[in-house]
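**Q** prediction below, plus the sequence it came from.
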Amino acid sequence: AEGGAFRPVIHATGVVKPAREILLRPRVDGEVIKLSENFVPGGFVASGGLLLQIDDTDYRVALDQRNSELQQAIAELEIEHGRQDIAERDYRQLGKTLEEDNRALVLREPQLRSAEAGVQSAQTDVRMAELDLERTRIISPFDAQVLSRHVNIGSQVSPGDTLARLVGVDTYWVETTLPLDRLQWLSFSNDEKGSKATISHRTAWPESQSRSGRLYQLVGELEGDTRMARVLVTVEDPLARQPGSAGQMPLVIGTFVQCLLEGNLIQDVVKIRREHVRKGETAWVMQDDLLQIRPLQIVFQDAEYAYVKSGLEAGEQVVTSSLATVREGARLRIKAAADS
């Protein structure tokens, strides 16, 4: 029996999912006149990269018109400033004191506020026209892969139409399920403190290939049929596009994969293989060439090992073979010694 501190390994299976996914839709209408060469299913687009161009002729004309209206509003404001100067000079020459309301009317203050509001409204219209013009250029909101495209050159699009489906390429999730009693042995975090995860695909990847991830988040809902906890594992650079991931296998969305989750450290326990735990959570121990049946206090069991808190000491000899007669005090011999 081996004593010490150990990290159990929890086995699970999960489904690869994108951490970021959007259905791309336009905010203006018009005819598609240009497509990026990377805007194809499977293509990669950088954040801010142009995906497609909507005909912007009408929007440029609208912007010119809004600019003209702004210049007209500015001119009216300047004229009103001149009128106010004249009114103020006439008021001083009059030499009389008026009530505040009458004084504001004489000095044309309402007309000035109206002219200033006209300029602000015209500036807002110009900004809206500029935004509409900018929105004729459909760009990628993040580094993404195009999973599907629903338009082509000549397509007429309107707000609400689906142009494409994009997924982020920086991070994927593996969504897996675990029994609730396993959660206490795991750490959730999106930094270096999250439990390590090893992802593999037995049927599609070579046996030597795997990807590394971190246990990220516990989803606040049980899986419907199994009533197990749903958890997310993050995998950085899932498509192995960065130099640091060269030679690694890419993850494919929708794939079922195997996850090995490294549990929290269990201190001061003895580790034995699960098949050596006998009926009633006991172990057969060879003590002074005699069989002892020891009850065990098992802290945790993973797929391969049982971690024993009491009932077994490090270095003791655990019987691994089957015995014809199982009774306390039965005489035992080590097979290798008996055969020799």
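**A** Ah, there it is.

**Q** mind checking how far the helix ranked longest in the chain is from the chain centre?
**A** The residue-count maximum for a helix in the chain (DSSP state H) belongs to helix 57-94. Distance of helix 57-94 from its chain centroid, counting by Cα atoms, centre = their mean, to the nearest Å, is 51 Å.

**Q** how about it: buried residues?
**A** Residues of helix 57-94 classed as buried by neighbour count (16 or more other Cβ atoms under 10 Å): 59, 62, 63, 66, 69, 70, 73, 76, 77, 80, 84, 87. The way it works is simple: take the backbone N, C-alpha and C, and place the C-beta from them, glycine included.

**Q** just give me the closest of those residues to residue 202.
**A** Distance ranking of the buried residues of helix 57-94 against residue 202, using Cβ to Cβ, places residue 59 first at 54.0 Å.

**Q** next up, the contacts around the closest residue in space to that closest one that isn't next to it in sequence.
**A** Excluding its sequence neighbours, the residue lying closest to residue 59 (Cβ to Cβ, 6 or more residues apart in numbering) is residue 133, at 4.4 Å. Under the criterion of Cβ atoms under 8 Å, 6 or more residues apart in numbering, the neighbours of residue 133 are 56, 59, 60, 62, 63.

**Q** name the element residue 133 belongs to?
**A** helix 109-134 (DSSP states H and E).

**Q** pLDDT score for residue 107?
**A** Among the per-residue scores, residue 107 holds a pLDDT of 62.

**Q** ok, back up a step: now the element after the helix holding residue 133, going C-ward?
**A** Moving toward the C-terminus from helix 109-134, the next helix or strand (DSSP H and E) is strand 137-139.

**Q** what strands line up against that next one, and which way round?
**A** Paired strands of strand 137-139, with direction, are strand 50-54 (antiparallel) (DSSP bridges).

**Q** which residues touch the partner strand?
**A** Here strand 50-54 makes contact (Cβ under 8 Å, 6+ apart) with 24, 26, 28-36, 39, 45, 135-140, 151, 157, 163-164.

**Q** in the chain, where is pLDDT below threshold?
**A** For the chain, the stretches with pLDDT under 70 are 90-107, 190-192, 337-340.

**Q** related to what we said a few turns ago, and the helix holding residue 133, what's buried?
**A** By neighbour count on 16+ other Cβ under 10 Å, the buried set for helix 109-134 is 111, 112, 115, 118, 119, 122, 125, 126, 129, 132, 133.

**Q** between these, which is closest to residue 279?
**A** Using Cβ to Cβ, the buried residues of helix 109-134 come closest to residue 279 at residue 132, 75.9 Å.

**Q** right, and the closest one touches residue 59 too?
**A** Yes: using Cβ atoms under 8 Å, residue 132 is in contact with residue 59, at 5.0 Å.

**Q** for residue 27, see how far away residue 144 is.
**A** Remark: distance between residue 144 and residue 27 (Cβ to Cβ, to the nearest Å) = 18 Å.

**Q** the more surrounded of these two?
**A** More neighbours surround residue 144 than the other of residue 144 and residue 27, with 26 against 14 (other Cβ atoms under 10 Å).

**Q** surely that one and residue 45 touch.
**A** Yes: the pair residue 144 and residue 45 passes the contact test of Cβ under 8 Å, sitting 5.5 Å apart.

**Q** so what sits against both of these two?
**A** Residues touching both residue 144 and residue 45 (Cβ under 8 Å, 6+ apart): residue 166.

**Q** thinking again about what came up before, okay, the buried residues of helix 57-94 in JSON lines with distance to residue 237 next?
**A** Shown next, in JSON lines, are the buried residues of helix 57-94 (distance: Cβ to Cβ, whole Å):
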{"residue": "59", "distance to residue 237": "38"}
{"residue": "62", "distance to residue 237": "43"}
{"residue": "63", "distance to residue 237": "41"}
{"residue": "66", "distance to residue 237": "45"}
{"residue": "69", "distance to residue 237": "50"}
{"residue": "70", "distance to residue 237": "48"}
{"residue": "73", "distance to residue 237": "53"}
{"residue": "76", "distance to residue 237": "58"}
{"residue": "77", "distance to residue 237": "56"}
{"residue": "80", "distance to residue 237": "61"}
{"residue": "84", "distance to residue 237": "64"}
{"residue": "87", "distance to residue 237": "70"}
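
**Q** need the contact partners of stretch 327-337.
**A** Contacts with stretch 327-337, where a contact means Cβ under 8 Å, 6+ apart, come from 286, 289, 290, 291, 292, 293, 317, 319, 321, 323.
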